[in-house]
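Q: just coords:
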């Protein structure tokens, strides 16, 4: 047991599905056979989540230091931040109190990882509006991690089964994303993608780079970013013996990656990479009116610590219903374990 990595899991926004899916994930015995999980959040909120999930069999071990965790299946270790008055908490609602709590959970889990008290971090979803209303002006987890680890070169990777995507830009307007498509940034992300795949055990990863414009610009007819920025970045990486090719038209590269042509795709902006991942990972049953699968993992690359995350939002509309799907969180925990074991 002592050889298993310690995984710190933030509870996410207290008003979201985070507490529920955390309970559901840690109710599975196989998680404890692969790691030592600990939730960073509020014990009172986790206790409340037991009621609407029906998981009253689980015990809560409220602690203030990692060394007091039991790491036993059937008992959920919660690093209790005691930030939320559960009687005032409105599930499914944006609030500054919940936003502040979610932010503080992330800040604490980063601190624990930086101090080597835990081996990897996993985050449940927070609400960007809520954390900003609370006075924490970040556009998402990635930027919070970069700030508190003093990381300058980083990117987001999404993964589901054999489809992996990294991004040249993420949480900016589409207009700004086009402006950020520069040779040095594209080259930087290609390098990070290569290193990430190797950390996942892929010895000689093959990287495909998406174009920015339709048909990769058609030799300048629809834009020149491919000629001026993307191709020079690819050629620079190739000179360093990185197995990369492109640019490949965005409307075909993801199908090729799904078919095994590439181990990872470099996408130029947020939605270019997110849409194909969520198309294959999110499966809705129209007949039964429920999500059969909400799979996929969000990983921040380039950090000095490991961070994986669910690849979905707070799902306020499902909070408190007991129907939220925990698959993405389980995927994120599995990726964190793999990265910790390969560290």
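A: Perfect, thanks for sending it. Computed from a prediction, not measured in an experiment: that's the story for all the values here.
Q: Look at the closest residue to residue 138 other than its chain neighbours and give its secondary structure.
A: What sits nearest to residue 138 in space, not counting adjacent residues and going by CB to CB, 6 or more residues apart in numbering, is residue 144, at 4.9 Å. Backbone N, C-alpha and C define where each C-beta goes, glycine included. At residue 144 the chain is in helix, as set by DSSP: H, G, I helix; E, B strand; the rest coil.
Q: how about residue 144, what does it touch?
A: 103, 106-107, 110, 136, 138 (CB atoms under 8 Å, 6 or more residues apart in numbering).
Q: And the furthest pair within the residues you listed?
A: Greatest spatial distance in the contacts of residue 144: 110 and 136, 13.2 Å, computed using CB to CB.
Q: Looking at the two now, which is surrounded by more residues?
A: residue 110 (24 against 19; other CB atoms under 10 Å).
Q: Check the gap between that one and residue 150 for me.
A: The spacing between residue 110 and residue 150, counted by CB to CB, to the nearest Å, is 11 Å.
Q: show me what contacts the residue nearest to residue 298 when sequence neighbours are not counted?
A: Spatial nearest neighbour of residue 298, excluding adjacent residues (CB to CB, 6+ apart): residue 309 at 4.1 Å. Contacts for residue 309 (CB under 8 Å, 6+ apart) come out as 122-125, 141, 297-300, 332.
Q: Next one: the residue of the chain most remote from its centre from residue 268, what distance?
A: What lies farthest from the middle of the chain is residue 221; by CA atoms, centre = their mean that is 36.4 Å. Using CB to CB, one gets 18 Å for the distance from residue 221 to residue 268.
Q: Can you tell me the closest non-neighbouring residue to residue 187?
A: residue 233 is the one closest to residue 187 (CB to CB, 6+ apart), at 4.0 Å.
Q: just to revisit the earlier point, name whatever forms a beta bridge with the residue nearest to residue 298.
A: Taking DSSP bridges as the rule, residue 309 bridges to residue 123, residue 298.
Q: Pull the number of nearby residues for residue 107.
A: Neighbour tally, residue 107, other CB under 10 Å: 17.
Q: That one contacts residue 145, doesn't it?
A: No - in this structure, residue 107 is not within contact of residue 145 by CB atoms under 8 Å, at 9.9 Å.
Q: Run the chain-centre distance for the helix or strand containing residue 336.
A: Assessed by DSSP states H and E, residue 336 sits inside helix 327-341. Remark: helix 327-341 is offset 10 Å from the chain centroid, using CA atoms, centre = their mean, to the nearest Å.
Q: tell me which residues in that helix are buried?
A: Neighbour counts over helix 327-341 (16 or more other CB atoms under 10 Å) mark 327-340 as buried.
Q: swap in stretch 65-84?
A: Buried residues in stretch 65-84 (16+ other CB under 10 Å): 66, 69, 71, 73, 76-81, 83-84.
Q: now stretch 58-65
A: By neighbour count on 16+ other CB under 10 Å, the buried set for stretch 58-65 is 58, 60-63.
Q: Going by distance to residue 191, which of these wins?
A: Distance to residue 191 across the buried residues of stretch 58-65 (CB to CB) is lowest for residue 63, with 39.5 Å.
Q: In this model residue 69 seems to touch that closest one, though I could be wrong.
A: Yes - Residue 63 is within contact range of residue 69, at 5.9 Å (criterion: CB under 8 Å).
Q: Find residues that contact each of the two.
A: Contact criterion CB under 8 Å, 6+ apart; residues shared by residue 63 and residue 69: 38, 77, 79.
Q: Strands - which of the residues you listed land there?
A: 38, 77, 79 (DSSP state E).
Q: what are the bridge partners for the first one, then?
A: Spelled out, that is residue 38. residue 8.
Q: Alright, that wraps it up for me.
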